[in-house]
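Visitor: Requesting a structural model of the entry that follows:
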Amino acid sequence: MFLKRLELNGFKSFAGKTVLDFPKGVTAIVGPNGSGKSNVIDAIRWLLGERDAKSLRGGKIEDLIFAGTDGKAKLGVAAAALIFDNSSKFFPVDFNEVEIKRQIARDGESSYFINKSEVRLKDIIELLSKSRLGTKGVIVVGQGNSDIFIKANPVERREMVEEILGLREFRIKKEEAERKLRNTFINTDKVKALIEEVLPHLRFLKKQTAKWERRSEVEEQLEILEKNFFGSKRAEIEKNFFGLDPKESELSKKEGLTRRELREKEEELKKVEDLEPESRALLVKIRARREEVLRKKNVAEKELGGLEVRLLMAEKEEEKGQVDSGKAVSFLEEVFKKAKEVVESGFNVDLAVALVRKIAEGGEKIFSFSEKREAGAVEEIRAKQKKNYEEVDIFDREIKEINAKEAGLERNLEKFTDNFKKAFTEVEKVKEEVNRILAEKNKVVLEKERWNFKLQELKAQVEQAGRSWNTFSLKDAEFLREEELIETEKKIFKLRGELFAMGEVDQALVKEAKETEDRHNFLVTQIADLLKASEDLKEMIRNLAEKIHEEFNEALVLINKEFDKFFKMMFKGGHAKLLLRKEEVVAEGEEGEERKENEEAEKVIIKEARDIEAGLEINLSLPKKKVTNLEVLSGGERSLVSLAALFGLISVSPPPFLVLDEVDAPLDEKNALRFAEMIKDFSEKLQFIVVTHNRATMEAADVLYGVTLGEDGASKVVSLKLS
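Guide: The predicted structure follows:
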């Protein structure tokens with residue numbers, strides 16, 4: 001790799017576009033003072049990444065732009081470009097030619113390009129560092145810096161050596177890793193602080209979540225228990241309720257058939273009665289009268305029954321003053337017993353039903369009577385009772401008379417009696433069957449009503465539990481036995497109590513808990529990632545420090561050998577050596593909280609820096625002269641020491657080119673000639689671009705560039721190829 005050319009446009013004193021082509025050997029740039037030849041060196045330094053305006057011999061960065069003259073206006077933009085031959089792939093890019101261009105405007109806006117593609121200054125510095133180029137070393141030795149190795153401090157000397165050895169790339173990577181490590185520890189502390197901030201609230205939210213989960217669990221258990229409980233109860237009730245339907249249907253069917261049979265029997269009976277119309281008519285009349293008397297008797301007996309009840313109530317009222325509800329029920333049982341006796345006196349079923357209804361009415365009168373408690377009620381009731389007994393006796397006598405008349409008629413109708421009795425018996429028998437069926441049917445209806453009441457009661461319980469009736473389908477329910485139902489009901493009561501004690505849980509808190517836990521987990525993952533990143537960075541720093549340490553120390557042995565050789569050549573004796581001087585490494589950064597946050601990172605950085613931050617001291621002795629301090633050296637001696645060190649460095653690790661600006665100025669003729677011979681010898685290995693006033697140096701050049709000021713005040717370049 002070698003530097004092919006330099007292009008300038010508006011840079012410092014070069015107003016127009018200027019191109020300098022460089023051969024592989026030695027290029028000398030000459031010209032009077034102030035002509036602008038050192039500006040060529042400044043342009044190369046600028047393109048190699050220099051950012052300090054003072055290092056470019058300017059007060060501020062806009063001083064790099066052509067400022068104008070009496071004959072030429074100032075420009076708004078300065079640009080420069082270095083074009084390298086990269087056919088050897090010295091630069092780690094897939095281009096045979098590499099162009100690095102830099103441009104600046106007066107407003108301070110800078111642009112950077114690599115092969116026409118805009119990049120960052122950082123990208124240019126990284127590319128150059130990988131190729132052992134830059135501004136930290138001795139690739140470019142500016143005007144007045146011929147003694148650069150003497151006046152540099154130990155750390156700066158080390159930087160020069162590292163850059164020419166190609167270690168600058170690893171130093172930059174290490175510094176970047178250290179910066180990242182500091183940031184990693186800062187970020188770790190920040191994330192830890194966030195976790196500490198989140199944790200208390202997360203614990204509270206987790207309790208709420210646990211409460212919600214327990215509530216959900218209880219609700220789920222309760223739902224299952226209630227499904228089985230209510231489902232089993234429903235199944236039992238509906239089984240019994242609907243189980244009565246066939247029986248009810250069967251009884252209704254029997255009732256219909258029996259009633260039809262009754263109608264048929266009654267029709268047969270009517271035919272028998274029609275055989276003797278007059279007798280039958282009279283018999284009917286007698287019977288009608290008997291029915292009427294019986295009805296009146298029944299009415300009298302009903303009233304008598306009511307009077308007996310009233311009399312008992314009145315007597316009880318007199319004894320106790322009031323009758324409680326329990327004793328009233330007992331007394332009603334006594335009343336019903338009386339009613340039963342009346343019914344069993346031999347009357348038909350219709351009369352019995354009427355009597356029960358009348359007794360019920362009498363019961364109402366009892367309670368009414370108990371409220372009124374009229375004075376003298378007992379005497380009045382007994383008087384009415386006596387009157388009713390007399391009426392009943394009258395009715396009994398009349399009934400006997402009617403019965404006697406009926407018997408006479410029946411004897412007269414003896415020939416019809418057998419048929420009539422038979423027909424009548426059959427009718428009565430069928431009537432009894434009808435009544436029996438009705439009674440049985442009523443029992444079924446009452447039983448269904450009882451189960452229906454239980455069903456409605458169960459529905460109310462389901463509604464009270466906040467469940468839907470349709471939820472408890474018979475097929476989904478697990479049928480429970482009686483003892484299991486009791487146990488399940490206890491569990492339901494217990495779970496409902498637990499839910500009540502637990503209270504409601506805000507669903508928003510549950511959602512927030514999930515979000516907060518996700519955030520916490522994310523932060524924990526971030527901590528893990530940061531810790532891993534810090535370990536990786538520590539390992540990288542260690543590896544880079546080890547590489548720099550090993551390669552630097554190995555090279556230093558060779559450099560000292562070459563340094564001593566060229567020193568002896570320059571001074572005709574003596575010796576020179578570069579020595580490592582370890583200094584206490586101080587952590588960078590601000591004091592206070594930031595320093596505390598970086599403390600752990602600084603420990604790692606300092607530990608790994610102790611061996612590679614050591615500066616370089618120059619230890620030398622001159623023939624016939626005792627040197628106690630470098631400050632005692634003359635200007636020429638200082639330059640010779642620096643040149644010996646420079647040639648010692650490039651002997652061990654030759655850079656692709658060297659740019660030297662009047663480094664031979666302090667040398668006497670003899671040493672200037674030796675310098676010219678040395679660069680000529682080294683030009684076979686590397687390229688030299690030298691600004692000089694020295695004839696010997698000019699004679700060593702392959703190409704000579706002359707720089708002058710034109711009539712417009714701008715620098716002009718004239719080239720001459722020397723044979």
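Visitor: any idea which residue of this structure is furthest from its center?
Guide: No residue in the chain sits farther from the centre than residue 412, which is 110.4 Å out by CA atoms, centre = their mean.
Visitor: ok, now which ones touch that residue?
Guide: By CB atoms under 8 Å, 6 or more residues apart in numbering, the contact set of residue 412 is residue 279. Yep, even glycine has a C-beta here, placed from its N, CA and C like the rest.
Visitor: now it: how far from residue 119?
Guide: Here residue 412 is placed at a distance of 147 Å from residue 119 (CB to CB, to the nearest Å).
Visitor: Tell me where the stretch 601-723 of the chain has strands.
Guide: 615-621, 657-661, 687-691, 703-709, 715-721 (DSSP state E, counting those that start in this stretch).
Visitor: any idea which of those scores lowest on pLDDT?
Guide: The minimum mean pLDDT among the strands of the stretch 601-723 of the chain belongs to strand 715-721 (a mean of 87).
Visitor: Residues contacting that strand, please?
Guide: Strand 715-721 is contacted from outside by 12-15, 18, 20-21, 23, 35-37, 39, 702-710, using CB under 8 Å, 6+ apart.
Visitor: circling back to that earlier point, I'd like to know how far the residue farthest from the centre of the chain sits from residue 682.
Guide: Separation of residue 412 from residue 682 (CB to CB) stands at 175 Å.
Visitor: Assign residue 111 to helix, strand or coil.
Guide: The three-state assignment at residue 111 reads strand, by DSSP: H, G, I helix; E, B strand; the rest coil.
Visitor: Verify the stated contact: it with residue 120.
Guide: No: counting by CB atoms under 8 Å, residue 120 is not a contact partner of residue 111; they are 10.2 Å apart.
Visitor: of these two, who's got more company?
Guide: residue 111 (14 against 11; other CB atoms under 10 Å).
Visitor: and the nearest residue to residue 12 once chain neighbours are set aside, what helix or strand is that in?
Guide: Distance criterion CB to CB, 6 or more residues apart in numbering; nearest residue to residue 12, sequence neighbours excluded, is residue 39 at 4.2 Å. If you go by DSSP states H and E, residue 39 is part of helix 37-47.
Visitor: After that helix, which helix or strand is next?
Guide: Per DSSP H and E, the first helix or strand lying C-terminal to helix 37-47 is strand 77-85.
Visitor: tell me what that following strand is packed against?
Guide: The contact analysis (3 or more CB pairs under 8 Å, 6 or more residues apart in numbering; DSSP states H and E) places strand 77-85 against strand 2-11, helix 37-47, strand 97-105.
Visitor: if we look at that strand, which residues are touching it?
Guide: For strand 77-85, contacts defined as CB under 8 Å, 6+ apart pick out 1-12, 43-44, 46-48, 64-66, 90-91, 96-106, 113, 656.
Visitor: filter these to the buried ones?
Guide: Buried subset of the contacts of strand 77-85 (neighbour count, 16 or more other CB atoms under 10 Å): 1-4, 6-12, 43-44, 46-48, 64-66, 90-91, 98-104, 113, 656.
Visitor: ok, and the closest non-adjacent residue to residue 568?
Guide: Nearest to residue 568 is residue 574, by CB to CB, 6+ apart, at 6.5 Å.
Visitor: Roughly how far does the one you found sit from residue 621?
Guide: According to CB to CB, residue 574 and residue 621 sit 5 Å apart.
Visitor: To which secondary structure element type does residue 216 belong?
Guide: Going by three-state DSSP: residue 216 is helix.
Visitor: ok, residues contacting stretch 192-205?
Guide: Under the contact criterion CB under 8 Å, 6+ apart, stretch 192-205 has outside partners 509, 512-513, 516-517, 519-520, 523-524, 527.
Visitor: same deal with stretch 518-526?
Guide: Outside stretch 518-526, the residues within contact range by CB under 8 Å, 6+ apart are 191, 194-195, 198-199, 202.
Visitor: where does this protein have its least confident helix or strand?
Guide: Across the helices and strands of the chain, mean pLDDT, DSSP states H and E gives its lowest value to helix 593-597, namely a mean of 48.
Visitor: tell me the contacts of residue 4?
Guide: Contacts of residue 4 (CB under 8 Å, 6+ apart): 21-22, 83-85, 97.
Visitor: do you know how far residue 634 is from residue 270?
Guide: Taken as CB to CB, the span from residue 634 to residue 270 is 169 Å.
Visitor: out of those two, which sits in the more crowded spot?
Guide: Per other CB under 10 Å, whichever of residue 634 and residue 270 has more neighbours is residue 270, with 12 against 9.
Visitor: What strand or helix carries that one?
Guide: helix 245-273.
Visitor: Next SSE downstream of that helix?
Guide: Downstream of helix 245-273, the next assigned helix or strand under DSSP H and E is helix 277-320.
Visitor: What is that following helix packed up against?
Guide: helix 245-273, helix 325-343, helix 349-372, helix 377-412.
Visitor: ranking those by mean pLDDT, which is last?
Guide: Averaging pLDDT over each of the helices and strands packed on helix 277-320 puts helix 349-372 lowest, since it has a mean of 54.
Visitor: Poorly predicted segments of the stretch 451-600 of the chain, please.
Guide: 466, 468-480, 502, 505-507, 509, 582-600 (pLDDT under 70).
Visitor: 90 instead?
Guide: 451-524, 526-527, 530, 534, 570-572, 580-600 (pLDDT under 90).
Visitor: And the helices in it?
Guide: Under the criterion DSSP state H, counting those that start in this stretch, the stretch 451-600 of the chain contains helices at 482-502, 507-571, 593-597, 599-609.
Visitor: coming back round to it: shouldn't the residue nearest to residue 12 be in contact with residue 13?
Guide: Yes: under the criterion of CB under 8 Å, residue 39 makes contact with residue 13 at 5.4 Å.
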